[in-house]
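Trainee: pasting the structure only:
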C-alpha cells in the first residue's frame, strides 16, 4: 500500500524513494503516512492529523504539507489516525506499524460537509444568560490569570448577504472578574483599566468575511482605555437551535489576541519597580448566543 501511495506521488514529479529515504527511523520504529485529498483528488493542505495509541493517548500530531501529505515516525505498534480539516467530515482509521516498516493509509478522501444554516436576516441581540466573554493573561511572567466580564450587551443586524451584517457590543469595564476581589479592584483602578475614566469597552463591526465551512472572520474597531484599534475575531459559527421556550437562537465561538501596548495599557508605575504584572498579550475567548430582538 505504501508503494501505491508513493506511486501517486511519483506522478507529480517527486522521486518515490527520496520521499522517505532521508528520514532517520529508529530500529524499533516505523513510518505512518497518507495523502489527504478532497473528492476531486486535490490535496487538502494544512489538514490536522493526530496519531493516538490503543489507550487513546496522543503520540504525534501535525499538519499536512502543500501536497496534502503527512509522514510521521512512531514506535512499532497499533494506532488510530484522525484527520480533520475545516469544512470536511473528519476521518478516523486504524493503522499497524511494524519495526523498520512503512504503513500507509493511501489516499484519505475527505468529504465536504454543508455549513450550518445561517440566522434569518433581521435584528438580533446577545442573550447574556447563555453567553460569556472571557480572557486569559500571563501574571508576573509565570501563572496564567483567567477572568471574564460579567456585564455586557450587544446587537447584531443580520443582512440578506451575511458578509454585509453588522454588530455592536458594549462591555461594562467594572464588571471584570478574576475571582480575587483585591486583584479585581486593582484592575479597575487607574493603574489598569481606569474604569472611572473609561467605563466601557466597545466593539463595532461591519465586516464579516467567510473563511470556508463554519469559519468566519469578524473585523471591527475595539475601543479600550480610550483608544480604538482594528481587531479580527476568529469566529466559528455553531448553528441554530431552540431554547427551553422554543425560541430560535444562534451560537458562535470567537477568539482574538490583544496586545495591551496597543491600547496604552503600559502601567509604567508597576514596570518602573520591575514588576511585569501582566504579559504583553491577552487572549480573548467568547461564547455567544443571539436571539431575535423582541
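Mentor: Alright, I've got the coordinates. What you see is a predicted model; the values in this text were computed from it and never measured.

Trainee: excluding its backbone neighbours, what's nearest residue 42?
Mentor: residue 68 (7.8 Å; Cβ to Cβ, 6 or more residues apart in numbering). Bear in mind the C-beta positions are built from the backbone N, C-alpha and C, glycine included.

Trainee: these two touch, right, that neighbour and residue 43?
Mentor: Yes - using Cβ atoms under 8 Å, residue 68 makes contact with residue 43 at a distance of 2.8 Å.

Trainee: neighbour count winner among those two?
Mentor: residue 68 (22 against 17; other Cβ atoms under 10 Å).

Trainee: Local confidence estimate at residue 144?
Mentor: Predicted confidence (pLDDT) for residue 144: 78.

Trainee: Start the count at 52 instead of 1 going forward.
Mentor: Taking 52 as the first residue, the last one we looked at is residue 195.

Trainee: measure it to residue 334 for me?
Mentor: According to Cβ to Cβ, to the nearest Å, residue 195 and residue 334 sit 9 Å apart.

Trainee: Overlap of the contact sets of those two?
Mentor: 187-188 (Cβ atoms under 8 Å, 6 or more residues apart in numbering).

Trainee: Those two: which is more packed in?
Mentor: Neighbour count, other Cβ under 10 Å: between residue 195 and residue 334, residue 334 has more, with 16 against 10.

Trainee: tell me what the strand or helix carrying residue 112 is packed against?
Mentor: Using DSSP states H and E, residue 112 sits within strand 109-114. Packing partners of strand 109-114 (3 or more Cβ pairs under 8 Å, 6 or more residues apart in numbering; DSSP states H and E): strand 99-103, strand 120-126.

Trainee: who does that strand pair up with?
Mentor: Strand 109-114 has its sheet partners listed here by DSSP bridges as strand 99-103 (antiparallel).

Trainee: Report how many residues lie close to residue 232.
Mentor: So residue 232, with other Cβ under 10 Å, has 9 neighbours.

Trainee: If you could redo that for residue 117, that was the one I meant.
Mentor: Considering only other Cβ under 10 Å, residue 117 is surrounded by 8 other residues.

Trainee: just to revisit the earlier point, now the strand holding residue 112 against strand 120-126, angle please.
Mentor: Orientation note: strand 109-114 sits at an angle of 160 degrees relative to strand 120-126 (axes from the mean of the first three to the mean of the last three Cα atoms, to 10 degrees).

Trainee: what's strand 109-114 in contact with?
Mentor: Under Cβ under 8 Å, 6+ apart, the answer for strand 109-114 is 97-104, 121, 123-126, 130.

Trainee: if we can go back for a sec, what residues do residue 119 and residue 94 have in common as contacts?
Mentor: In contact with both residue 119 and residue 94: 86-88, using Cβ under 8 Å, 6+ apart.

Trainee: so which of those comes closest to residue 187?
Mentor: Nearest to residue 187 among the shared contacts of residue 119 and residue 94 is residue 87, at 31.8 Å by Cβ to Cβ.

Trainee: Just to check, the closest one is in contact with residue 159?
Mentor: Yes - the pair residue 87 / residue 159 is scored as a contact, 5.0 Å apart, by Cβ under 8 Å.

Trainee: in the strand or helix carrying residue 131, what's buried?
Mentor: Secondary structure assigned from DSSP H and E places residue 131 in strand 128-135. Residues of strand 128-135 classed as buried by neighbour count (16 or more other Cβ atoms under 10 Å): 128, 130, 132, 134.

Trainee: And stretch 249-259, by the same measure?
Mentor: Of the residues in stretch 249-259, those buried (16+ other Cβ under 10 Å) are 252, 254, 256-257, 259.

Trainee: What about residue 233? Give its phi and psi, please.
Mentor: Main-chain torsions, residue 233, degrees, to the nearest 10: phi -60, psi -40.

Trainee: re the thing from before, any chance of the contacts of strand 109-114 in TSV, with distance to residue 246 too?
Mentor: Listed next are the contacts of strand 109-114 as TSV, based on distance: Cβ to Cβ, whole Å:
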residue	distance to residue 246
97	41
98	45
99	41
100	46
101	43
102	49
103	47
104	50
121	49
123	50
124	53
125	53
126	55
130	53
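
Trainee: rewinding a little: what is the most widely separated pair among the buried residues of stretch 249-259?
Mentor: 252 and 259 (20.5 Å).

Trainee: ok so, going back, between residue 87 and residue 159, point out the one with more neighbours.
Mentor: residue 87 (28 against 20).

Trainee: same for the helix or strand hosting the more buried one, what does it pack against?
Mentor: Here residue 87 sits within strand 80-88, counting by DSSP H and E. In terms of contacts (3+ Cβ pairs under 8 Å, 6+ apart), strand 80-88 is packed against helix 53-61, strand 120-126, strand 128-135, strand 142-148, strand 153-160.

Trainee: Many thanks, have a good one.
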